[in-house]
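# Need coordinates for the following:
(chains A, B, C and D)
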Number of protein chains: 2
Amino acid sequence: MVQKSKLPTAAGQPKRRGRPRAYEPDVALGKALDLFRRQGFAATSLDDLSEATGMNRPSLYGAFGDKRELYIKSYQRYREEARASMAAIFREEMPLRQRLERIFASALNIYLSGEAGPRGCFTVVTAASEAVSDPEIRAMVLDGLTELDKAFAGCFRRAKEKGELPESADPAVLAQLASAAVHSIAVRSRARVPRKELEAIVKGAIDMMVGAKA
Amino acid sequence: MVQKSKLPTAAGQPKRRGRPRAYEPDVALGKALDLFRRQGFAATSLDDLSEATGMNRPSLYGAFGDKRELYIKSYQRYREEARASMAAIFREEMPLRQRLERIFASALNIYLSGEAGPRGCFTVVTAASEAVSDPEIRAMVLDGLTELDKAFAGCFRRAKEKGELPESADPAVLAQLASAAVHSIAVRSRARVPRKELEAIVKGAIDMMVGAKA
DNA sequence: CGATTTTTGTACCATTCCGCAAATTAATCC
DNA sequence: GGATTAATTTGCGGAATGGTACAAAAATCG
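Numbering: from 1, shown residues only, chains lettered A, B, ... in the order given. Sure thing, here's the model as predicted:
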């Protein structure tokens, strides 16, 4: 009896008070993310977003705030998804080469999926563009870039400890090179470079990194 | 007397017929380029362009066509400038490491200059974004990407012939790696990563490439 | 000077843009 | 059922957008 009216968020049905929502915030945010990713911030209008999400503009506003806030929330969502798709690969135990192959394959999947052509990387394609003028977005972009660097650095450090890389190898440098390969396929995918070519680039980069002596 | 009225483009003063232009098309296009580069296509309004170039909208339209045409002409101009700044470096004779250093230094200068913060790379930051939906821009982006790849490949091929690289080195693979490094600093510069860090990335990449055995 | 040509300047049009206010609907609580 | 709460719908308002029509201006040509 004590906490019956309180803590409605914990249990199964929140039993919210007013009119129920006609949309699922999660899927709506996903649709918004798709749009922003394809068209960028400025080229995406609230009408576009409204149509894609099925929510009319006031509902959008009420749920996510103004256009910029929705953009930022979309970007956060993108980063969470990207992180999730990579997390397992970083956790499991496997040889360096295989780990790199799987990470790049995951990145390619993210960049190349989408019905209306490849979608590319949110960070590289649209967020980086906004980053110059918007400090908050810039901070997120920086965070995204360094997160990838650190993840790769962790890979190489572990591989070095296991003797898969020579003692002379510098994990930080290798990581920035790996990140660079990711950035490059992100850009190229946006120009509709065919998957085969991107995979060839990935293979070349991996060969270079696992055979690294510098 | 024969070609007096004809061929007015060749000589010093064209002696054009009507009211003289109040602007210089070249510098106006430069201003437009700056804007598009900083803000992208959609976020740059004709009013912005009009103010930056000093031309009013009808003049803009008369001189360059509509907004998209102006964008494309700006991008062409950018590519010409970038090519020009690199051309000398590719022409001269010098050791591989020095050539790479100068190429990357030139790229950094292009990306980091600008009063209102770093401007990044037109191809990577804004054109790649438009490339998904606009075939003409996509073709230009693809051309820009492969041009850089080929230029780098030429460097490595020459270096290999001069014995600066082992026989096992693959110029095409190294070139894509070098391009990737360029793409990466282009993205990072947009997030205002300090020059020092970008230079460190460049140094790491160069060390890797000139010491390449793969 | 007058005719011609080309560019400029002002003003405008039709759309689209973002954000919000007001009224409506649908649920729960008592 | 009535009150309350929360989300929906409609529609507006003011600004900004891309593009253009039209007249004034500034040059050359005859």
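# Would you map the strands across chain A?
Listed in chain order, chain A contains no strands at all (DSSP state E).
# Kindly list the longest helix within it.
Counting by DSSP state H, the longest helix found in chain A is helix A:135-161.
# List the buried residues of stretch A:130-149.
The neighbour-count check on stretch A:130-149 (16 or more other C-beta atoms under 10 Å in any protein chain shown) flags A:130-132, A:134, A:137-138, A:140-142, A:144-145, A:147-149 as buried. Where you see a C-beta, it was placed from the backbone N, CA and C, and this is true even at glycine.
# Which ones, among those residues, also lie beside chain B?
Near chain B, judged by C-beta under 8 Å from any C-beta of the partner chain, the entries from those are A:131-132, A:138, A:141-142, A:145.
# Up against DNA strand D, what does chain A have?
Residues of chain A lying close to DNA strand D (C-beta under 7 Å from any atom of the strand) are A:16-23, A:55-59, A:62-63.
# Report the spatially nearest residue to A:N109, omitting neighbours in sequence.
Sequence neighbours aside, A:S85 is the residue nearest to A:N109 in space, at 7.8 Å (criterion: C-beta to C-beta, 6 or more residues apart in numbering or on different chains).
# is it true that that neighbour touches A:S106?
Yes. A:S85 is within contact range of A:S106, at 5.2 Å (criterion: C-beta atoms under 8 Å).
# residue contacts, the residue nearest to A:L142 when sequence neighbours are not counted?
With C-beta to C-beta, 6+ apart as the measure, B:A191 is the residue that lies nearest to A:L142, at 5.0 Å, once sequence neighbours are left out. Taking C-beta atoms under 8 Å, 6 or more residues apart in numbering or on different chains, we find B:A191 in contact with A:128, A:131, A:138, A:141-142, A:145.
# Let's see that with 6 Å instead.
B:A191 makes contacts with A:131, A:138, A:141-142, as judged by C-beta atoms under 6 Å, 6 or more residues apart in numbering or on different chains.
# on that earlier part again, same for the longest helix of chain A, what does it pack against?
For helix A:135-161, the elements it packs on are helix A:128-131, helix A:171-190, judged by 3 or more C-beta pairs under 6 Å, 6 or more residues apart in numbering or on different chains; DSSP states H and E.
# most tightly surrounded among those helices?
Mean neighbour count (mean count of other C-beta atoms under 10 Å in any protein chain shown) peaks for helix A:128-131 among the helices and strands packed on helix A:135-161, with a mean of 27.
# That one vs DNA strand C: in contact?
No. Using C-beta under 7 Å from any atom of the strand, helix A:128-131 stays clear of DNA strand C, coming no nearer than 13.6 Å.
# Run through the neighbouring helices and strands of that helix.
Helix A:128-131 sits against helix A:135-161, helix B:171-190, with contacts defined as 3+ C-beta pairs under 6 Å, 6+ apart.
# which residues touch it?
Helix A:128-131 is contacted by residues A:41, A:137-138, A:141, B:40, B:125, B:187, B:190-191 when judged by C-beta under 6 Å, 6+ apart.
# Out of these, which is nearest to DNA strand C?
The closest of the contacts of helix A:128-131 to DNA strand C turns out to be A:F41 (C-beta to the nearest atom of the strand; 8.5 Å).
# Show the backbone phi and psi for that closest one.
phi -70, psi -60 (degrees, to the nearest 10).
# thinking it is in contact with A:E69, fair?
No. With contact defined as C-beta atoms under 6 Å, A:F41 does not reach A:E69; the gap is 11.7 Å.
# what number of residues lie near A:Y78?
For A:Y78, the tally of surrounding residues (other C-beta atoms under 10 Å in any protein chain shown) stands at 24.
# swap in the one 10 residues further on?
The number of residues packed near A:A88 is 10, by other C-beta under 10 Å.
# Look up the pLDDT of it for me, please.
In this model, A:A88 is scored at 90, pLDDT.
# what's the distance between it and A:S50?
Distance check for A:A88 against A:S50: by C-beta to C-beta, to the nearest Å, it reads 35 Å.
# Tell me how many other residues surround A:M94.
Residues lying near A:M94 (other C-beta under 10 Å) number 11.
# so how far is A:M209 from the closest residue to it other than its chain neighbours?
In this structure, A:M94 finds its nearest non-sequential neighbour in A:R102, 7.7 Å apart by C-beta to C-beta, 6+ apart. As judged by C-beta to C-beta, A:R102 and A:M209 stand 14 Å apart.
# Next: A:E199.
Counting by C-beta to C-beta - A:E199 and A:M209 are separated by 16 Å.
# List, one by one, the residues from chain A near chain B.
Selection of chain A residues close to chain B by C-beta under 6 Å from any C-beta of the partner chain yields A:40, A:42-43, A:117, A:124-125, A:128-129, A:131-132, A:138, A:141-142, A:173, A:176, A:180-181, A:183-184, A:187, A:190-191, A:201, A:204, A:207-208, A:211, A:214.
# go with 7 Å
Residues of chain A that fall close to chain B, judged by C-beta under 7 Å from any C-beta of the partner chain: A:38, A:40, A:42-43, A:117-118, A:124-126, A:128-129, A:131-132, A:138, A:141-142, A:145, A:173, A:176-177, A:179-181, A:183-184, A:187-188, A:190-192, A:201, A:204-205, A:207-208, A:211-214.
# Flag the shaky bits of chain A, pLDDT-wise.
Residues of chain A meeting the criterion pLDDT under 70: A:1-14, A:212-214.
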